[in-house]
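Peer 1: Show me the folded form of this:
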Amino acid sequence: MNKISITLDVNKVPKDKVVERRYFDRENNEVAVRELKLDIIQLKEPRVIKEGADWIMKKTHFVAIPQSKEEREEGKKGIILGDGITFE
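Peer 2: Alright, predicted model coming up:
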């Protein structure tokens, strides 16, 4: 099994990035969900964080909130919420 564990710091999530969406399900009940869109980006080169006798823990990804075109043009810094770690 190839698994990536993601850990997020929810204190870093700006409240304006959480979007509420409403829809009706198959039974015609209204459902409200609060969503946060995230990007999981693979690092060019994994970084070894820790090693044991028969395992290696590597940082392979990071998790960020996607930026709008306007935010990028304004030079705003992206919000990185956490890391993706794999064990080998």
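Peer 1: Give the helix, strand or coil label for residue 2.
Peer 2: Following DSSP: H, G, I helix; E, B strand; the rest coil, we place residue 2 in the coil state.
Peer 1: so what's it up against?
Peer 2: Going by CB atoms under 8 Å, 6 or more residues apart in numbering, residue 2 touches residue 86. Using the backbone N, CA and C atoms, a C-beta is placed for each residue, glycine as well.
Peer 1: low pLDDT regions in this structure?
Peer 2: Within the chain, the segments meeting pLDDT under 70 span 1.
Peer 1: Can you tell me the centre-most residue of it?
Peer 2: Central residue of the chain (CA atoms, centre = their mean): residue 63, 3.3 Å from the mean position.
Peer 1: partner strands of the longest strand along the chain, parallel or antiparallel?
Peer 2: As assigned by DSSP state E, the longest strand anywhere in the chain is strand 39-51. Using DSSP bridges, strand 39-51 pairs in its sheet with strand 56-65 (antiparallel).
Peer 1: Can you tell me what sits against the partner strand?
Peer 2: 4, 6, 8, 13-14, 17, 36-43, 46-51, 78-88.
Peer 1: Just the buried residues of the residues you listed.
Peer 2: Buried members of these, scored by 16 or more other CB atoms under 10 Å, are 38, 46, 79, 81, 82, 83, 84, 85.
Peer 1: residues touching the second one, list them.
Peer 2: Right, residue 46. Applying CB under 8 Å, 6+ apart, one finds that residue 46 lies in contact with 58, 59, 60, 86.
Peer 1: most surrounded residue in those?
Peer 2: residue 58 (18 neighbours; other CB atoms under 10 Å).
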